[in-house]
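**Student:** pasting the structure only:
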């Protein structure tokens, strides 16, 4: 029904930058909030940043001032600009979206397959 595909991950040195993208496709009537989450080895998945349909943003304290979330509603795409990367940012980054697939249906959560971000010291 709905697919979320992340891209832009990779290996970068500490202090470097990466830009993640999340492209939503499929039976989309409306996307409400979107967000980025991450999961490091041996740890639980945690919120990185979220953005509402109106553009309001929320960030984890650990990334405030370094990461910027944005979205292009016309393209059903979300981005995460990551600057001043640290080794502790190493994780698999997942895209999440609350999507309605019909005019009167509920919003359901969808997840991407994840993209690996590795920051070397």
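**Tutor:** Structure's in. What do you need? What you see is a predicted model; the values in this text were computed from it and never measured.
**Student:** need phi/psi at residue 74.
**Tutor:** Note on residue 74: backbone dihedrals following degrees, to the nearest 10 are phi -70, psi -30.
**Student:** counting neighbours, what do you get for it?
**Tutor:** Residues near residue 74, counting by other C-beta atoms under 10 Å, number 6. Any C-beta I mention is one placed from the backbone N, CA and C, and that applies to glycine too.
**Student:** quick one, grab the pLDDT at it.
**Tutor:** We have a pLDDT of 89 for residue 74.
**Student:** please apply the same query to residue 116.
**Tutor:** Confidence for residue 116, expressed as pLDDT, is 98.
**Student:** let me see the contact set for it.
**Tutor:** Shown in contact with residue 116 (C-beta atoms under 8 Å, 6 or more residues apart in numbering): 9, 10, 91, 92, 93.
**Student:** closest to residue 46 out of these?
**Tutor:** Minimum distance to residue 46 across the contacts of residue 116 is 8.4 Å, recorded for residue 91 (C-beta to C-beta).
**Student:** ok, now how distant is that closest one from residue 53?
**Tutor:** From residue 91 across to residue 53, the span is 26 Å (C-beta to C-beta, to the nearest Å).
**Student:** hmm, back to that, just the contacts of residue 116: which are in strands?
**Tutor:** 10, 91, 92, 93 (DSSP state E).
**Student:** what pLDDT does the model give the second one?
**Tutor:** Confidence at residue 91, expressed as pLDDT, is 98.
**Student:** how deep is it tucked in, by neighbour count?
**Tutor:** Residue 91: 22 neighbours (other C-beta under 10 Å).
**Student:** the first one too?
**Tutor:** By the other C-beta under 10 Å criterion, the neighbourhood of residue 10 contains 13 residues.
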